[in-house]
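K.L.:
okay, here's the prediction I keep looking at, along with the sequence it came from:
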Amino acid sequence: MQDFEDFVALRSQALLRTAYLLCGGDKGAAEDILQDVLMNMYGKWRRISSSPEAYARAALANSAANRWRRRSRKPEAPLELGAVPAARGHEQQVVDADIVVRALAQLPKKMRAVLVLRFFDDLSEAETARALGCGVGTVKSQTSRGLARMRELMGEQVLTWS
Amino acid sequence: MELKQAMEAATAELDVRPGFVGDVMAGGRRRHTRKLVAITAAVALLAGVTTGVALTRSPEPPEDPRLTATTTGPHAGDSELIATALHLWDEAQKQPWKPYEPVTEVSKRANVFWTGQTPSGPIALVAQEVRVRDSARPATLVGLVADGAVAGREVVQAEARDNETGLYRFGPLGDHYVVLTLGRTVSWSLKPARGPDNRLARVWATAPHDEDGVVFTVAPLADRPVFVRGDSVPQPDDFTRQPILSRYDYRPDRAFVPHPGLGWSGQNCATGTPEERRTPPGTKADDPKRELQKRALLDYLVGWDVTGDWSVCAWLPDGRYALMFEAYGELYGALYQPDGTFSAPVLGGRAVKGEPAVLALPDGQGTIVADFGATIGPQERDHAWLAPAGTKEVTVRQQGVPKVVQLP
């Protein structure tokens, strides 16, 4: 299992970052679901070692969705976006980073997952569809609506999409 | 600000906690073992039902003999030393258990089962019965008391005693080792040597141990000591055995330890991905490090800091796929066929922090130039670029400052 251990050592940080965004900025939850996903991968390693990264990302997206499904049963205080300072500088970068996470947290879970996989993990539409178990058309429509919603939530904080 | 940029900025400071890799490995093993036990039990139950055979409970594993063993070793009769060791052992339990120590309850008394003498003072090995989460069976907490503290301890579960690490690193320079043979042969080796054919070799010897199966040795870290436990001594060109790794080899046990290598993180590609190959290959072969180890081109990887946290991929003009990575301050590469089978290893030069990493590929496939955070080449590609064969120099812009790099 040296190769699995290498995978965990090498890729955990990147996967944690994906998990963090999928969980809408909840680091504790991100670590929990990442550890859970990786521990499950241990027993399946021979079957999934061909593309472990893709498997891990799909499993993270599913775990994050299930987590949010459970959480959504409890009433939760809405996240408020803070006022945007006018001046740009180091503080502004911090605000940017904070705002994007808080905006993501306000998106429906599938929309959030689509944006994270497409724009943070650079997955193609087809790969994103495979990871989330939906059609390419759904990915396209969720991307379009998600970007529009992000623009609404973040205002001029997000100027372009790559 | 682009969305990707914003997301990257939001996650830039994130890293897994120390000990995370070890926790995943231990938890994965435990979960897998439980699953196998459940499947076996279900099959046995089914077999019993269908054949009418009454099932009897499987025998409990025998108690760990170290829990009650008489103290051995050179200080076995030193009751003051044993009392001190037990006091230090108990004191350490007043601190919260680490996440990788699933202990819920400890027995009343620990047992010093071995004592020894080292240049930095006397040492003692201690065992104590404990209860752990997710298991009905008692486990053994085993550890080493050295240098006036518990230098290391691990939980050995009754159903997974084969997984015991049994290696403790301590001493003022971290170069003292206590290794338990656990009934097998412990071999050790220092200073790998690379031959003219670039293949590595190690001289292995059975680690000298006392009659109680305890190895003590001092091995400078610069000599890259490696210990393996098995039924035979490894061959000089065998780099595929599982080395014994201490907890500190997985991750430092404290936060914010900078990586001593190039310090990059994640994977970047030096080329675009052909539309017909959206998924990287590498499916039929072992991971690149393992492939190089099988060819005696890469040393045993002992320590979290001996490999980089980064890699660079590239699709090559002839259809193959390349991966470049860092280990022991050197650059390495592995080429794969489009169908995922391993094609060829590549050895690069030194990885120098602050300098672009350059890896010349064989068969006229060009040269990978990487510098995370920089723009590279005439198209100003981010992070990495595959320079076509024949390229003599490339411009790398780190924070807008151009630097011309000569290619081999």
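P.N.:
Yep, that arrived. Residues are numbered from 1 along each chain as shown, chains lettered A, B, ... in the order given.
K.L.:
mind listing the helices for chain B?
P.N.:
For chain B, the helices defined by DSSP state H cover B:3-11, B:20-51, B:79-92, B:247-250, B:288-294.
K.L.:
and the longest one, what does it pack against?
P.N.:
By that I understand helix B:20-51. On a contact count with 3 or more Cβ pairs under 8 Å, 6 or more residues apart in numbering or on different chains; DSSP states H and E, helix B:20-51 meets helix A:2-22, helix A:27-48, helix B:247-250. (Glycine included, C-beta is placed from N, CA and C.)
K.L.:
and of the helices of chain B, who's closest to residue A:141?
P.N.:
Residue A:141 sits nearest to helix B:3-11 of all these, at 17.3 Å, using Cβ to Cβ.
K.L.:
any stretches of the chain with poor pLDDT?
P.N.:
Using chain A here. A:1-2, A:67-97, A:155-162 (pLDDT under 70).
K.L.:
should've been chain B
P.N.:
B:1, B:41, B:44-61, B:247-259, B:275-286.
K.L.:
nearest residue to whatever residue of chain B ends up closest to chain A in space, please, no chain neighbours.
P.N.:
The minimum distance from chain B to chain A, using Cβ to the nearest Cβ, falls at residue B:28 (2.6 Å). Distances taken as Cβ to Cβ, 6 or more residues apart in numbering or on different chains put residue A:42 closest to residue B:28, at 2.6 Å, once the chain neighbours are dropped.
K.L.:
how about the contacts made by that neighbour?
P.N.:
Residues in contact with residue A:42 (Cβ atoms under 8 Å, 6 or more residues apart in numbering or on different chains) are A:1, A:4, B:24-25, B:27-29, B:31-32.
K.L.:
before we move on, the earlier item: just the helices and strands packed on helix B:20-51: most buried one?
P.N.:
Comparing the helices and strands packed on helix B:20-51 by mean neighbour count (mean count of other Cβ atoms under 10 Å in any protein chain shown), helix A:2-22 ranks first with a mean of 23.
K.L.:
is it up against chain B anywhere?
P.N.:
Yes: judged by Cβ under 8 Å from any Cβ of the partner chain, helix A:2-22 comes into contact with chain B at A:2-10, A:12-14, A:16-17, A:20-21.
K.L.:
then stretch A:111-129?
P.N.:
Yes: judged by Cβ under 8 Å from any Cβ, stretch A:111-129 and chain B are in contact via A:115-116, A:119-120, A:122, A:124, A:126-127.
K.L.:
reformat the residues you listed as a markdown table; add neighbour count and secondary structure.
P.N.:
A markdown table is the format used below for the residues of stretch A:111-129 next to chain B (neighbours: other Cβ atoms under 10 Å in any protein chain shown; DSSP: H, G, I helix; E, B strand; the rest coil):
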| residue | neighbour count | secondary structure |
| --- | --- | --- |
| A:115 | 27 | helix |
| A:116 | 29 | helix |
| A:119 | 23 | helix |
| A:120 | 23 | helix |
| A:122 | 13 | coil |
| A:124 | 16 | coil |
| A:126 | 13 | helix |
| A:127 | 20 | helix |
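K.L.:
check contacts around residue B:139.
P.N.:
Residue B:139 is in contact with B:103, B:129-132, B:155-158, counting by Cβ under 8 Å, 6+ apart.
K.L.:
how many other residues sit next to residue B:42?
P.N.:
Close neighbours of residue B:42, defined as other Cβ atoms under 10 Å in any protein chain shown, add up to 10.
K.L.:
didn't residue A:18 look like it was pressed against residue A:60?
P.N.:
Yes: at 5.9 Å, residue A:18 counts as touching residue A:60 under the criterion of Cβ atoms under 8 Å.
K.L.:
count of residues packed around residue A:105?
P.N.:
By the criterion of other Cβ under 10 Å, residue A:105 has 17 neighbours.
K.L.:
one more: residue B:136?
P.N.:
Using other Cβ under 10 Å, residue B:136 has 8 neighbouring residues.
K.L.:
same check, this time on residue A:123
P.N.:
For residue A:123, the neighbour count with other Cβ under 10 Å is 22.
K.L.:
now the closest residue to residue B:315 other than its chain neighbours: how far from residue B:361?
P.N.:
Nearest non-adjacent residue to residue B:315, counting by Cβ to Cβ, 6+ apart: residue B:271, 4.8 Å away. According to Cβ to Cβ, to the nearest Å, residue B:271 stands 12 Å off from residue B:361.
K.L.:
which residues do those two both contact?
P.N.:
Common neighbours of residue B:271 and residue B:361 (Cβ under 8 Å, 6+ apart) are residue B:316.
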